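# Have a look at this fold, sequence not included:
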């Protein structure tokens with residue numbers, strides 16, 4: 001469950017900022033999320049992913065005439 005998402009902007013050349021972020025991430029309270037992971041999927045893509053993960057079992061019934 002995701003409680004909040006934080007986006008940080010900092011000067012990548014600032015060594016103190018880099019060391020601080022590395023320290024915070026090393027504590028294990030937070031995780032790094034890439035931009036690809038934040039892209040929202042449409043309903044069809046989400047449904048197919050849920051089926052692949054076993055969250056939904058798809059049972060097709062007999063075809064209606």
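Everything's here; your move. Worth saying up front: this structure is predicted, and the values here are computed from it rather than measured.
# what stretches of the protein score poorly on pLDDT?
Low-confidence segments of the chain (pLDDT under 70): 1, 35-39, 58-59, 65.
# now do 80
Along the chain, the model assigns pLDDT under 80 to residues 1-5, 33-42, 56-65.
# can you map out the helices along it?
With DSSP state H as the criterion, the chain has helices at 15-26, 35-38, 43-53.
# Compile those helices into TSV and extend it with columns for distance to residue 63.
For every residue, glycine as well, the C-beta is placed using N, CA and C. Putting the helices of the chain into TSV (distance: least, Cβ to Cβ, whole Å) gives the following:
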stretch	distance to residue 63
helix 15-26	53
helix 35-38	38
helix 43-53	20
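# Just send these back as a markdown table, with mean neighbour count too.
As requested, those are exported to a markdown table (neighbours: other Cβ atoms under 10 Å):
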| stretch | mean neighbour count |
| --- | --- |
| helix 15-26 | 11 |
| helix 35-38 | 7 |
| helix 43-53 | 11 |
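# closest to residue 8 out of the ones you listed?
helix 15-26 (7.3 Å; Cβ to Cβ).
# Identify the residues contacting that closest one?
By Cβ atoms under 8 Å, 6 or more residues apart in numbering, the residues outside helix 15-26 that reach it are 8, 10, 11, 12, 30, 31, 32.
# which two from the residues you listed end up farthest apart in space?
Distances among those were taken as Cβ to Cβ; the most separated pair is 11 and 31, at 22.8 Å.
# Could you provide the contacts of helix 15-26 in a markdown table, with additional columns for distance to residue 20?
A markdown table is the format used below for those (distance: Cβ to Cβ, whole Å):
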| residue | distance to residue 20 |
| --- | --- |
| 8 | 10 |
| 10 | 9 |
| 11 | 12 |
| 12 | 13 |
| 30 | 12 |
| 31 | 17 |
| 32 | 14 |
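# I'm done for today, thanks for sticking with me.
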